[in-house]
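Asker: Structure for the following, please:
(chains A and B)
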Amino acid sequence: MNKTQKSAIYCLSVFSLCITMCIYLVIKIYILKSVPGKPSSIFWMVIYFLVTAAPFIFLRKKQSPNEPDADERDDLIKKRAVVCSFVSVWVLLAITSIAPRFIVGSEASIPAWALPLINLPIFLIAMGIYSIAVLIQYGRGDKDGES
Amino acid sequence: MAKVEFTNSVRRLRFENDEMSQQDLAGKAGCTRQTIIAIEQGKYNPSLALAFKIARAFSQKIEDVFQYNEDSNK
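Answerer: Numbers count the residues shown, from 1 in each chain, chains lettered A, B, ... in the order given. Predicted coordinates:
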């Protein structure tokens, strides 16, 4: 597994963690109608470790000292993944522009503070799509493309 | 129009060169091991620059390592 794959797995892990936390909070606040409890300090330490320290440990090891971190194929894969991610941003922007009309009605209004909450996840999802696109392109072979 | 077929002899040449590992070839050609695997499996066609580097790693001409099947394009 090279550095690009490892980065994509790391991004996907962070994305999955964020989505899981969002789903948990939405269920807790809007469905169970209860205020979530204050998370423990250990929880925040784990989150802080995952977001800051883990990439340095996870991405540090190279396959070989002579081998580059990325080559032309990796650049091509990353370029295609960026295109996928860019297209997904536009599609999601279109969906989030139309969806409120069907959810709250065409004459209703939504509070201004809700707009960042609607728009920011688009970029989070775009990050997830980028990572998935990278992993799919690498995963066309078996393990490490090796048969 | 038929699909253009590129073939290569990278795997054979590795074994003819003292069973050179994919890692060693990747180091000599300046690419990753995954790229060598993809080239051997015919899943990736390298750029001209990388093709030359791989050929030089085997001390061969580029056409001895990479072949273009002209008949399939007719």
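Asker: what residues does stretch A:107-125 touch?
Answerer: A:F15, A:C18, A:I19, A:C22, A:S88, A:V89, A:L92, A:L93, A:T96, A:P100, A:V104 (CB atoms under 8 Å, 6 or more residues apart in numbering or on different chains). Every residue, glycine included, has its C-beta placed from N, CA and C.
Asker: let's go with 7 Å and repeat that
Answerer: For stretch A:107-125, contacts defined as CB atoms under 7 Å, 6 or more residues apart in numbering or on different chains pick out A:F15, A:C18, A:S88, A:V89, A:L92, A:L93, A:T96, A:P100, A:V104.
Asker: swap in stretch B:11-26?
Answerer: With CB under 7 Å, 6+ apart as the test, stretch B:11-26 has contacts from A:63-64, A:67, B:32-33, B:35-37, B:40, B:57-58, B:60, B:65.
Asker: where does the closest residue to A:T4 other than its chain neighbours fall, phi/psi-wise?
Answerer: Excluding the flanking residues, the one nearest A:T4 by CB to CB, 6 or more residues apart in numbering or on different chains is A:D74, at 4.6 Å. Main-chain torsions, A:D74, degrees, to the nearest 10: phi -60, psi -40.
Asker: Counting neighbours, what do you get for A:D74?
Answerer: Neighbour count of A:D74, defined by other CB atoms under 10 Å in any protein chain shown: 22.
Asker: That one contacts A:Q5, doesn't it?
Answerer: No: between A:D74 and A:Q5 there is no contact under CB atoms under 7 Å: 8.8 Å.
Asker: hmm, back to that, take the contacts of stretch A:107-125 and lay them out in JSON lines including neighbour count.
Answerer: Formatted as JSON lines, those follow (neighbours: other CB atoms under 10 Å in any protein chain shown):
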{"residue": "A:F15", "neighbour count": "19"}
{"residue": "A:C18", "neighbour count": "17"}
{"residue": "A:S88", "neighbour count": "19"}
{"residue": "A:V89", "neighbour count": "15"}
{"residue": "A:L92", "neighbour count": "18"}
{"residue": "A:L93", "neighbour count": "13"}
{"residue": "A:T96", "neighbour count": "14"}
{"residue": "A:P100", "neighbour count": "16"}
{"residue": "A:V104", "neighbour count": "11"}
